[in-house]
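*Asks:* Predicted model and sequence follow; I will ask about them next.
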Amino acid sequence: MPFLQSLISSVTSLGHKNAASVVGVDIGSSSIKVVQLRSSRGVAILETYGEIALGPYGKQPIGKVVKLSSEQLGEALRDLLKEANVTTHEGSMSVSFSSTMMTVVELPKVGAEALKRIIPLEARKYVPVPISEVTLDWFVIPEDEVGKSAFDVLTKDKDTKLKGQEVLLVAIQNAMLQNMQSISSAVGLTVDFYEIEVFSAIRASFEHGIAPMAFVDIGAGTTKVYIVERGIVRLTHLIMVGGQQMTETLGHAMSWEFEKAERVKRENGLIDNTAYSRTENDQIQSVLLSTLSRVFTEVNRVLLSYGQRYNKNIAQVVLLGGGASLPGITTAAKSSLSVEVDISHPFTHTEAPAFLDSVLQSIGPGFAVSVGLALRKLQQK
Ligand SMILES: Nc1ncnc2c1ncn2[C@@H]1O[C@H](COP(=O)(O)OP(=O)(O)OP(=O)(O)O)[C@@H](O)[C@H]1O
Ligand SMILES: [Mg+2]
């Protein structure tokens, strides 16, 4: 199954023929997002999009992370496809980063056939479950992108200098893939690829550039950090803090129910709210900032360790995920992270009626994965 593809050229060319519509489905831990696109003369036309909170399907409030069965997820997805007026049955679906293992390994330079034999052996070192329970995939990082790899450094003193190759190795739990397949067939979607959300998110958030940059997906339960260089994923990292914790901390501090804290966070975030006193505003903002700064401190640590390991500076951080829609987040991020900070605007890769501009701008970061999935599906047509 083709989980990986070069990310360098992935946003550039869409088919030039008018093609059927496709839908990208992102099943997150707190909500499902869908985006339906159609290609017309090389442009991705946005036909419809929608989001449904999963909380209520598990008797929890909106914004909460819930663990649902594949039947319940199927029910939620069916409701969403209907509400959003999705008309196509051709889809692509994301696989959550947390059910995958991803790492760059250094291997001797051997051909494709030999790699096929080496990879399962190598994967045992990294995959904490039996190899028979996962599906493996890999991508040889082109040599140009490697530069002076750690492998070269380790072997440089040897008489016969072995030249290694760097390989991005990915393992996905088979059980997770089976779940996704049963959800898609339950709702009548023909899904010909399941893509790890990392690649979808980057495709939709990547503008250009060869310098290393970091993508930070602030989801509900966790935050994911992906370092990308020349369009290739070099490092991934999971932070166990996300938007839900922001809401919970705010709720505790202000003695509010989760629902109210969630609403205030989304509507006002770090910006003053006229409904509250100066003291209350300060309190709200400092509570939200304290959780956010835990995220940024860890992002900084990841950037620093990457920089030290490869002797390169990360020039830019792109924020995405629902948490990146927090009002005022850019200023907070800029003061915590010592690099350029941008917010992902995935819908700029699509064409939509002008009256949708501002709403697509504000909800965009949360739709990066679903837009990226739909874009890849369109490219295949
Ligand atoms: N306008 C907003 N301001 C602040 N936070 C927001 C806003 N909109 C959504 N969020 C938060 O974003 C989080 C959900 O983000 P997202 O939809 O990307 O997560 P998910 O995909 O369900 O989760 P994950 O990626 O971790 O599986 C929630 O914590 C939610 O409260
Ligand atoms: Mg997500």
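*Replies:* Sure, I can see it. Ligands and ions are numbered 1, 2, ... in the order given.
*Asks:* Quick one: list the elements packing against the host helix or strand of Ser370.
*Replies:* Counting by DSSP states H and E, the element that carries Ser370 is helix 368-379. Using 3 or more Cβ pairs under 8 Å, 6 or more residues apart in numbering; DSSP states H and E, the elements in contact with helix 368-379 are strand 22-27, strand 31-40, strand 43-53, strand 90-95, strand 190-196, helix 197-205. Where you see a C-beta, it was placed from the backbone N, CA and C, and this is true even at glycine.
*Asks:* near ligand 2, anything from the second one?
*Replies:* No: Strand 31-40 lies apart from ligand 2 when judged by Cβ under 5 Å from the ion; the minimum separation is 7.8 Å.
*Asks:* cool, and the third one?
*Replies:* No: applying Cβ under 5 Å from the ion, one finds strand 43-53 separated from ligand 2 by no less than 10.8 Å.
*Asks:* Tell me how far the next helix or strand after that strand lies from the chain's centre.
*Replies:* Reading on from strand 43-53 to the C-terminus, the next helix or strand found by DSSP H and E is helix 70-83. From the chain centre to the centre of helix 70-83 is a distance of 21 Å (Cα atoms, centre = their mean, to the nearest Å).
*Asks:* list the buried ones in helix 70-83?
*Replies:* Neighbour counts over helix 70-83 (16 or more other Cβ atoms under 10 Å) mark Ser70, Leu73, Gly74, Glu75, Ala76, Leu77, Arg78, Leu80, Leu81 as buried.
*Asks:* contacting residues around whichever residue of the stretch 251-381 of the chain sits closest to ligand 1?
*Replies:* Taking Cβ to the nearest ligand atom, ligand 1 has its nearest neighbour within the stretch 251-381 of the chain at Gly322, 2.3 Å off. By Cβ atoms under 8 Å, 6 or more residues apart in numbering, the residues touching Gly322 are Gly28, Ser30, Ser31, Ile218, Gly219, Ala220, Gly243, Pro365, Gly366.
*Asks:* residues touching the fifth one, list them.
*Replies:* Just to be clear, that refers to Gly219. Gly219 touches Gly28, Ser29, Ser30, Gly242, Gly243, Gly321, Gly322, Gly323, counting by Cβ under 8 Å, 6+ apart.
*Asks:* Over to the second one?
*Replies:* Going by Cβ under 8 Å, 6+ apart, Ser30 touches 53-55, 63-66, 219-221, 243-244, 322.
*Asks:* same check, this time on the first one
*Replies:* By Cβ under 8 Å, 6+ apart, the residues touching Gly28 are Leu54, Ser96, Gly219, Ala220, Gly322, Val369.
*Asks:* Any chance of CSV for the residues you listed, columns pLDDT and distance to Asn281?
*Replies:* CSV is the format used below for the contacts of Gly28 (pLDDT from 0 to 100; distance: Cβ to Cβ, whole Å):
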residue, pLDDT, distance to Asn281
Leu54, 98, 31
Ser96, 95, 35
Gly219, 98, 26
Ala220, 98, 25
Gly322, 98, 23
Val369, 98, 33
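*Asks:* from the buried residues of helix 70-83, which is closest to Ala374?
*Replies:* Leu81 (13.5 Å; Cβ to Cβ).
*Asks:* do you know how far the closest one is from Lys125?
*Replies:* Distance of Leu81 to Lys125, computed by Cβ to Cβ, to the nearest Å: 41 Å.
*Asks:* next one: phi and psi at the residue of the stretch 201-350 of the chain found nearest ligand 2?
*Replies:* Nearest residue of the stretch 201-350 of the chain to ligand 2: Gly219, at 4.2 Å (Cβ to the ion). Torsion angles at Gly219 (phi, psi; degrees, to the nearest 10) stand at phi -90, psi -160.
*Asks:* show me where the stretch 151-300 of the chain has helices.
*Replies:* Along the stretch 151-300 of the chain, counting by DSSP state H, counting those that start in this stretch, helices occupy 174-186, 197-205, 243-254, 258-267, 278-310.
*Asks:* Do the third one and ligand 2 come into contact?
*Replies:* No: using Cβ under 5 Å from the ion, helix 243-254 never reaches ligand 2; the gap is at least 10.1 Å.
*Asks:* Which neighbouring elements make contact with that helix?
*Replies:* Using 3+ Cβ pairs under 8 Å, 6+ apart, the elements in contact with helix 243-254 are helix 258-267, helix 278-310.
*Asks:* what ranges of the stretch 51-200 of the chain fall below the confidence cut-off?
*Replies:* Scanning the stretch 51-200 of the chain for pLDDT under 70 picks out 144-162.
*Asks:* Show me what from it comes close to ligand 1.
*Replies:* When proximity is defined as Cβ under 6 Å from any ligand atom, the stretch 51-200 of the chain approaches ligand 1 at Gly63, Ser96.
*Asks:* Single out the residue in this structure that lies closest to ligand 2.
*Replies:* For the chain, Cβ to the ion, closest residue to ligand 2: Gly28, 3.5 Å.
*Asks:* And that residue, how far from Val371?
*Replies:* Counting by Cβ to Cβ, the gap from Gly28 to Val371 is 14 Å.
*Asks:* Please name the nearest non-neighbouring residue to Ile118.
*Replies:* Leaving aside its chain neighbours, Ile118 sits nearest to Leu107 (6.2 Å; criterion: Cβ to Cβ, 6 or more residues apart in numbering).
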